[in-house]
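Participant: got a sequence here, can you build the structure:
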Amino acid sequence: MDEKKYKIQYDQALNSSQLDAVIMADGPVLVIAGAGSGKTRTLTYRVARLVEEGISPSSILLLTFTRKAAEEMLKRASRLLDNRCEKVSGGTFHSFANMVLRRKADSIGFDRGFSIIDRPDSESLISMLRKEMGFVSKYRSFPRKQTLATIFSKAVNKVLPIEEVIFNDYSHFTPFLDGIMELQQAYGKRKAEHSFLDFDDLLVCLRLALREHSDLRDRLARQYRYIMVDEYQDTNQIQADIIYLLVGPEKNIMVVGDDSQSIYAFRGANFKNIINFPAMFPGTQIIRLEENYRSVQPILDLANIIIDRAEEKYTKTLFTSKSGGLVPSLITATDENSQSRFIVDRLLELEETGISQNQIAVLFRAGFHSFDLEIELNRMGMSFVKVGGFKFIESAHIKDVLAHLRILANPYDRISWYRILLLIENIGPRAAQQIYDDIVSNQSGYGGIFSIAGKKGYAAGLDRLKMLFREIHDHPFSVTEMGEHVLEYYVPLLKASYDDYPKRLKDLEQVLVIMSRYTRLESFLTDMALEPPNTSFDDSFVQSGEADNQRLTLSTIHSAKGLEWHTVFIIWALDGRFPSIQSMEKTEDLEEELRLMYVASTRAKENLYYICPMAVYDRHTGLSFSRPSRFIDGIPEEYLQRIYI
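Facilitator: Numbering: from 1, shown residues only. Now for the predicted structure:
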């Protein structure tokens with residue numbers, strides 16, 4: 001092929017595998033793009049190549065998961081070639097569905113005047129129906145609007161019946177299954193009456209239109225002769241069906257993704273889509289992008305070993321032309337706080353070598369895994385930004401528990417009294433004010449509540465609170481025992497207030513673990529009250545690179561996908577925590593946890609540390625965990641060195 005006739009010197013700008021993907025215009029193509037292998041660059045150059053080949057930009061469709069991603073690729077392609085590339089159709093599955101449904105409404109018997117309702121609108125409609133149908137007055141523990149919206153959406157995206165979603169993810173709502181199903185039907189009917197479509201409906205309706213109207217399908221296939229899909233491993237079943245129906249007889253479809261980075265099953269992503277692509281499109285050419293431009297080879301060697309343990313995968317071997325690099329380390333810590341102190345010490349050492357903290361990240365499986373580290377960082381005056389999960393002392397249920405403990409240390413803490421009193425049914429601001437005034441007038445510490453007579457509406461709830469304080473008052477409890485009694489009192493309130501209380505309960509159990517290291521309640525509360533770093537740092541802020549140079553990043557692994565840092569710490573690399581004990585029940589869940597470890601590992605450019613606290617007791621299961629994560633356990637020292645602290 002004579003590359004000289006092209007304006008862009010593709011063979012100079014791309015490696016051999018990228019070039020193969022770019023110049024292969026016809027037929028189905030699956031590009032397995034390993035971590036850090038230049039996936040976006042490849043797609044950008046392919047858009048430019050197709051246009052430079054003389055293919056009309058209007059016949060090219062680029063589907064991505066964010067509008068920003070599509071816009072950026074087309075802008076880059078335009079800079080490479082010319083502004084013809086900006087005429088390529090690019091956008092998300094949802095924006096494409098909206099465009100088709102509105103433009104082709106008349107020919108498919110669809111009401112082009114439909115209104116799209118966003119998630120808050122959807123929740124408001126569900127809330128109205130909850131009240132109208134009597135679920136609010138009849139069942140105090142009936143799921144709230146946010147939870148119902150999530151359940152309905154998960155059923156659509158995973159193509160599962162409501163009952164299966166409930167049994168799998170919300171088993172504590174099984175008694176309300178009939179009511180939830182009835183409400184879902186009412187929700188669908190009300191949307192139809194008002195010509196409302198939520199985000200999930202856009203995809204469902206487009207798939208239905210393509211299935212039932214062959215003329216529409218044929219017109220779109222003639223219009224979009226070349227289709228590209230980014231992050232194909234993150235598509236759900238509906239999106240995969242749409243792609244299958246859109247592709248014309250020439251089968252000019254290229255999907256790009258990495259099965260090893262399929263980690264969003266909880267959102268409905270279907271790992272099987274990328275695995276089954278060659279079966280869906282016979283004759284598929286598979287191209288592997290394996291040259292990594294991010295990490296040193298020792299990190300890639302370890303990542304290759306980790307993902308090789310997956311049962312179902314496209315085999316690939318990441319490599320780099322970068323030289324040098326240290327062997328990753330597995331740090332075995334005596335306990336959770338030793339884990340936190342190791343990170344703080346290592347941060348100080350890295351700072352002395354010129355590595356600023358915005359080049360460092362601590363990654364974790366679940367948001368509550370970083371709580372102890374947050375305390376240690378605060379104690380040392382080291383600022384950080386947390387992405388994903390929630391900040392420890394800013395979550396409502398943790399604030400509730402701490403408020404009870406603060407009253408034990410300061411019986412006249414007005415803010416804490418208001419917080420805990422308003423948790424009691426039928427106590428409003430006025431009653432809370434009166435009770436607090438009575439406590440102050442008695443001048444007998446928190447014991448002042450013992451003599452207060454509760455009114456009829458809230459007497460039972462106030463009596464429970466009195467019993468809690470009397471029990472603690474009458475016994476010389478340790479700090480942990482105080483926490484256990486408060487938690488025992490609070491759990492019924494937690495269940496009444498939050499649909500996701502099982503998850504929040506695990507967070508509170510983590511508070512007890514932290515309390516166990518303190519001999520004085522005041523010391524514990526002082527550490528909890530340290531000024532937290534400024535909030536309002538979201539994913540886009542961190543990704544834009546605008547964070548303060550001195551801010552360390554704490555992030556869930558899901559939020560870290562697509563990002564990179566000089567040094568990465570992966571904490572709680574402990575079997576039972578990562579993978580989680582719950583994921584061990586199903587092979588597919590365990591496989592996704594393995595891919596999650598792979599994603600975390602491939603975020604590191606130069607230094608990679610796994611840290612495993614030992615002999616950890618899990619209150620929820622009653623088990624003790626003491627083995628490093630099965631995903632890295634048993635790896636030879638030449639690939640993963642052991643350090644004991």
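
Participant: wait, isn't Asn337 in contact with Val513?
Facilitator: No. With contact defined as CB atoms under 8 Å, Asn337 does not reach Val513; the gap is 9.6 Å. C-beta coordinates here come from the backbone N, C-alpha and C atoms, glycine included.

Participant: shared neighbours, these two?
Facilitator: Both Asn337 and Val513 are contacted by Asp372, under the criterion CB atoms under 8 Å, 6 or more residues apart in numbering.

Participant: now do the SS call for Val165.
Facilitator: With DSSP: H, G, I helix; E, B strand; the rest coil as the basis, the three-state label of Val165 is helix.

Participant: spit out the contact partners of it.
Facilitator: Ile151, Lys154, Ala155, Lys158.

Participant: buried residues, the host helix or strand of Arg76. List them.
Facilitator: For Arg76, the host element (DSSP states H and E) is helix 67-80. Of the residues in helix 67-80, Ala69, Ala70, Met73, Leu74, Arg76, Ala77, Ser78, Leu80 count as buried by neighbour count, 16 or more other CB atoms under 10 Å.

Participant: what does stretch 202-220 give?
Facilitator: For stretch 202-220, by 16+ other CB under 10 Å, it's Leu202, Leu203, Val204, Cys205, Leu206, Arg207, Ala209, Leu210, His213, Leu216, Arg217, Leu220.

Participant: stretch 374-387 now?
Facilitator: Quick answer for stretch 374-387 (16+ other CB under 10 Å): Glu374, Ile375, Glu376, Leu377, Asn378, Met382, Phe384, Val385, Lys386, Val387.

Participant: can you redo those as CSV with secondary structure, distance to Ser262 and pLDDT?
Facilitator: Output for the buried residues of stretch 374-387, formatted as CSV (DSSP: H, G, I helix; E, B strand; the rest coil; distance: CB to CB, whole Å; pLDDT from 0 to 100):
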residue, secondary structure, distance to Ser262, pLDDT
Glu374, helix, 30, 90
Ile375, helix, 34, 87
Glu376, helix, 34, 90
Leu377, helix, 32, 91
Asn378, helix, 36, 86
Met382, coil, 34, 89
Phe384, strand, 29, 90
Val385, strand, 27, 89
Lys386, strand, 25, 88
Val387, strand, 21, 85
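
Participant: state the distance from the residue nearest the centre of the chain to Leu203.
Facilitator: Centroid check for the chain by CA atoms, centre = their mean gives His558 as the closest residue, at 4.4 Å. Applying CB to CB, to the nearest Å, the value for His558 to Leu203 is 22 Å.

Participant: tell me where the stretch 1-150 of the chain has strands.
Facilitator: 29-33, 60-64, 89-92, 115-117 (DSSP state E, counting those that start in this stretch).

Participant: give me whichever of those is most buried.
Facilitator: Per residue and on average, the most neighbours among these fall to strand 29-33, with a mean of 26 (mean count of other CB atoms under 10 Å).

Participant: residues making contact with that one?
Facilitator: Under CB under 8 Å, 6+ apart, the answer for strand 29-33 is 21, 39, 42, 232, 253-259, 274, 277-278, 284-289, 314, 316.

Participant: 7 Å instead, please
Facilitator: 21, 39, 42, 254-259, 277-278, 284-289, 314, 316 (CB atoms under 7 Å, 6 or more residues apart in numbering).

Participant: which residues touch Met24?
Facilitator: Applying CB under 7 Å, 6+ apart, the residues near Met24 are Gln285.

Participant: state the distance from it to Thr621.
Facilitator: Counting by CB to CB - Met24 and Thr621 are separated by 50 Å.

Participant: likewise for Pro175?
Facilitator: Taking CB to CB, one finds Pro175 at 24 Å from Thr621.

Participant: returning to what we had before: of all the buried residues of helix 67-80, which two lie farthest apart?
Facilitator: Ala69 and Leu80 (16.7 Å; CB to CB).

Participant: continuing past the helix or strand bottoming out on mean pLDDT in the chain, what's the next helix or strand?
Facilitator: Within the chain, no helix or strand scores below helix 539-543, which has a mean of 35 by mean pLDDT, DSSP states H and E. Per DSSP H and E, the first helix or strand lying C-terminal to helix 539-543 is strand 552-556.

Participant: who does that next one pair up with?
Facilitator: Strand 552-556 has its sheet partners listed here by DSSP bridges as strand 360-364 (parallel), strand 384-387 (parallel).

Participant: quick one: classify Thr519 as helix, strand or coil.
Facilitator: Per three-state DSSP, Thr519 ends up coil.

Participant: cool, Met597 as well?
Facilitator: Met597 ends up helix, using three-state DSSP.

Participant: how near is the closest residue to it other than its chain neighbours to Ile305?
Facilitator: In space, and not counting its chain neighbours, Met597 is closest to Phe631: 4.4 Å by CB to CB, 6 or more residues apart in numbering. With distances taken as CB to CB, Phe631 is found 10 Å from Ile305.

Participant: what's the overlap in contacts for these two?
Facilitator: With the criterion set as CB under 7 Å, 6+ apart, the contacts of Phe631 and Ile305 do not overlap.

Participant: got TSV for the contacts of Val165, with secondary structure, neighbour count and pLDDT too?
Facilitator: Formatted as TSV, these follow (DSSP: H, G, I helix; E, B strand; the rest coil; neighbours: other CB atoms under 10 Å; pLDDT from 0 to 100):
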residue	secondary structure	neighbour count	pLDDT
Ile151	helix	22	94
Lys154	helix	21	93
Ala155	helix	20	93
Lys158	coil	21	89
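
Participant: and of the residues you listed, the nearest to Pro411?
Facilitator: Ile151 (42.7 Å).

Participant: ok so Arg642 is a strand residue?
Facilitator: Yes. Judged by three-state DSSP, Arg642 forms part of a strand.

Participant: next up, the contacts around it.
Facilitator: Leu330, Thr332.

Participant: repeat that with 10 Å
Facilitator: Ser329, Leu330, Ile331, Thr332, Cys612, Pro628, Ile635 (CB atoms under 10 Å, 6 or more residues apart in numbering).

Participant: could you check the pLDDT of it?
Facilitator: Looking at Arg642, its pLDDT stands at 95.

Participant: cool, Thr147 as well?
Facilitator: Thr147 is given a pLDDT of 92.

Participant: surely it meets Tyr170?
Facilitator: Yes. Contact criterion CB atoms under 10 Å: Thr147 and Tyr170 qualify, at 7.3 Å.

Participant: what residues do the two have in common as contacts?
Facilitator: Ile180, Asp499, Asp500.

Participant: out of these, flag the one nearest to Pro429.
Facilitator: Looking across those and measuring by CB to CB, the closest to Pro429 is Asp499, at 24.9 Å.

Participant: tell me the spacing between the closest one and Asn83.
Facilitator: 50 Å.

Participant: the stretch 151-300 of the chain: helices as residue ranges?
Facilitator: 162-169, 177-193, 199-212, 214-223, 237-246, 272-275, 277-280, 297-308 (DSSP state H, counting those that start in this stretch).

Participant: return the most buried member of those helices.
Facilitator: Highest mean neighbour count of the helices of the stretch 151-300 of the chain: helix 297-308, a mean of 22 (counted as mean count of other CB under 10 Å).

Participant: quick one: strands adjacent to the helix or strand following that one?
Facilitator: Next helix or strand after helix 297-308 toward the C-terminus (DSSP H and E): strand 329-333. According to DSSP bridges, strand 329-333 has the following sheet partners: strand 604-613 (parallel), strand 641-644 (parallel).

Participant: wait, what's in contact with Leu206?
Facilitator: 93-94, 96-101, 104, 108, 216, 220, 238-239, 241-242, 245-246.
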